[in-house]
Each structure stands twice: as structure tokens, then as C-alpha cells.
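Enquirer: what shape does this take:
(one chain, ligands or ions: 2)
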Amino acid sequence: MLKPYHADLHMHTCLSPCAEIDMTPREIVAAALRRGLHLIAVTDHNSAENAEATRRAAEGTGLVVFAGMEVTSSEEVHILALFESPDGAGALQDVVHRNLPAGENDERLYGHQIIVNKDNEVMGFDRRLLIAATGLNARALVDLIRSLEGVSIASHVDREAFSVLSQLGFIPEDLRFDAVELSPKVGRQAAERLFGGLKRFPWVSFSDAHYIRDIGKRVTTFMLEEATFGEMKAALASAGGRDIFWE
Ligand SMILES: [Zn+2]
Ligand SMILES: [Zn+2]
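Expert: Numbers count the residues shown, from 1 in each chain. Ligands and ions are numbered 1, 2, ... in the order given. Got it, this is the predicted structure:
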């Protein structure tokens with residue numbers, strides 16, 4: 001039997017220089033549970049190093065945490081990559097890190113990039129330029145995510161920067177996203193009016209939280225048999241009556 005599962009699959013931890021330092025595994029899990037979420041994903045810029053810590057922080061709570069990343073393509077398109085296990089995210093991360101520009105993160109300019117464990121203890125600082133664009137184009141990234149059995153979603157297509165529409169003007173036929181994401185800034189009706197041309201993709205909407213207070217600010221409800229990655233993927237493909245709602 002299909003049941004509703006509330007999901008927020010786009011949020012940043014303290015590893016993203018632009019996120020607040022309170023975005024730690026324990027605080028994120030606590031906030032997600034307070035807001036009645038069943039599924040979350042950790043999607044830091046160009047890195048997945050806090051994803052496993054967040055999954056472990058959720059063990060025993062019933063909250064399901066997917067590994068993920070928000071990759072920046074060479075065209076400065078943000079792409080959400082979601083995976084069932086840290087292995088897929090790790091494989092993507094290896095390629096992404098090899099394709100980041102040389103140079104170090106300037107913490108005074110961009111903020112800290114903090115790697116933590118499930119107990120919120122600081123394990124180190126990532127010195128890479130995570131906020132930069134990678135040398136990989138959007139098509140190569142979408143194809144790579146697919147080959148790693150992940151799900152690729154065009155991030156916040158309504159935003160005026162770092163979205164596939166702001167950077168390319170349209171979504172080329174050969175860019176095989178599994179879904180497009182609308183940001184919390186746009187409501188369902190306005191989205192239907194403005195982005196009707198993207199109806200060939202399933203639509204999802206998540207918080208893109210950089211602050212604890214924003215977790216669950218926008219939720220997509222998936223009608224699933226159970227809260228698993230395979231079920232979520234099946235819902236994106238509208239398989240077996242599985243469905244997706246947000247407003
Ligand atoms: Zn983004
Ligand atoms: Zn984001």
C-alpha cells in the first residue's frame with residue numbers, strides 16, 4: 001500500500017561555506033524530526049564528506065538520509081545528485097574533486113568548510129575551492145550520476161543564477177535529468193504559469209536549507225510503499241501508481 005512520505009532532499013551542512021555552522025548532523029536530524037520529515041538528503045557544494053556522518057546521526061530515529069551532493073558544472077549550473085549509499089556519492093566526489101580548480105578556500109571571504117562526525121565533533125577542514133565551478137559540463141555530470149545509479153535533479157530552475165535555465169536558457173534534449181527542482185520562492189500556481197515548458201520532467205521542490213530554521217520549509221511528499229531510495233526513484237518514474245506532490 002502506498003503511503004505519504006515527506007521529503008526534503010536539498011540541504012547544506014557546515015561543509016558548505018555558505019551554510020551556518022550549526023548545520024551539523026545532530027542538529028539537522030533533530031530539526032528534520034521536529035518538522036515531521038521522513039526522508040532527507042545532505043547535498044553540499046561539490047562534496048559529500050558530511051553525508052555519512054548525517055546518516056549515522058539518524059540511526060535509530062526512523063529518519064532516512066540519502067547521500068548527495070550539489071555539483072556545479074562548468075556552465076555554473078547547479079545539479080543535485082542523490083544516491084542510495086555513500087559509495088555512489090563517494091565515486092562522484094572523487095571525480096568532482098579532481099575537476100575543481102586549483103587554489104584554496106578563502107575562509108574570510110567564503111566561510112569555513114567543516115568536516116564533522118555523527119557526534120558533531122570537528123574532524124577537519126576541507127581546503128578545496130568547493131564553491132567554484134568544476135571543469136565538468138552539465139551533460140557529462142548528468143550522465144556520470146546516471147552511470148553511478150544516482151538521481152540527477154536540475155536545482156532551483158526558477159532562480160536567476162546557477163540554474164540550468166539561467167545558464168543555458170533551456171534544457172537541451174540530451175540533458176537527461178530525472179527531475180527538476182523548484183525553489184521555495186515559487187508557489188505551485190506560479191510555477192505552472194512560468195515553467196509549463198518543463199512538464200516533460202517530474203517536478204520536486206525542497207528547502208535548499210543553509211540554516212536550521214529553513215529545514216522542511218518546502219517539502220515534497222512522495223507516495224511510496226516504503227521510505228527507500230528505490231521507491232523514491234520509482235516515484236520519479238511514476239511507476240506503479242507512485243506519485244509526487246508539493247505546493
Ligand atoms: Zn544551488
Ligand atoms: Zn543548494
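
Enquirer: okay, CA-based contacts and neighbour counts for the rest of this
Expert: OK.

Enquirer: and the strands in the protein, which stretches?
Expert: 3-8, 39-42, 64-72, 78-83, 114-116, 122-125, 151-154, 179-182, 203-205, 220-224, 243-245 (DSSP state E).

Enquirer: for those, please prepare a markdown table with the additional fields distance to Ala235, mean pLDDT and mean neighbour count.
Expert: Conversion of the strands of the chain to a markdown table gives the following (distance: least, Cα to Cα, whole Å; pLDDT from 0 to 100; neighbours: other Cα atoms under 10 Å):
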| stretch | distance to Ala235 | mean pLDDT | mean neighbour count |
| --- | --- | --- | --- |
| strand 3-8 | 11 | 98 | 22 |
| strand 39-42 | 14 | 98 | 27 |
| strand 64-72 | 15 | 98 | 29 |
| strand 78-83 | 14 | 98 | 28 |
| strand 114-116 | 32 | 95 | 22 |
| strand 122-125 | 36 | 95 | 12 |
| strand 151-154 | 12 | 98 | 26 |
| strand 179-182 | 11 | 98 | 23 |
| strand 203-205 | 11 | 98 | 26 |
| strand 220-224 | 7 | 98 | 23 |
| strand 243-245 | 5 | 96 | 18 |
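
Enquirer: mind putting those in TSV, distance to Thr54 included?
Expert: Below are the strands of the chain laid out as TSV (distance: least, Cα to Cα, whole Å):
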stretch	distance to Thr54
strand 3-8	14
strand 39-42	8
strand 64-72	7
strand 78-83	14
strand 114-116	9
strand 122-125	13
strand 151-154	19
strand 179-182	23
strand 203-205	21
strand 220-224	20
strand 243-245	25
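
Enquirer: so who does the nearest residue to Val122 once chain neighbours are set aside touch?
Expert: Leaving aside its chain neighbours, Val122 sits nearest to Val116 (4.5 Å; criterion: Cα to Cα, 6 or more residues apart in numbering). Contacts for Val116 (Cα atoms under 8 Å, 6 or more residues apart in numbering) come out as Thr24, Pro25, Asn50, Ala53, Val122, Met123, Gly124.

Enquirer: pull the most distant pair out of those.
Expert: Longest distance between any two of the contacts of Val116 is 14.8 Å, between Pro25 and Gly124; criterion Cα to Cα.

Enquirer: how about the strands of the chain, which one is nearest Pro172?
Expert: strand 151-154 (12.0 Å).

Enquirer: so which residues make contact with that closest one?
Expert: Under Cα under 8 Å, 6+ apart, the answer for strand 151-154 is 78-83, 142, 145-146, 163-164, 177-181, 233.

Enquirer: what do you get if the cut-off is 6 Å, keeping everything else the same?
Expert: Residues outside strand 151-154 that contact it (Cα atoms under 6 Å, 6 or more residues apart in numbering) are Ile79, Leu80, Ala81, Leu82, Phe177, Asp178, Ala179, Val180, Glu181.
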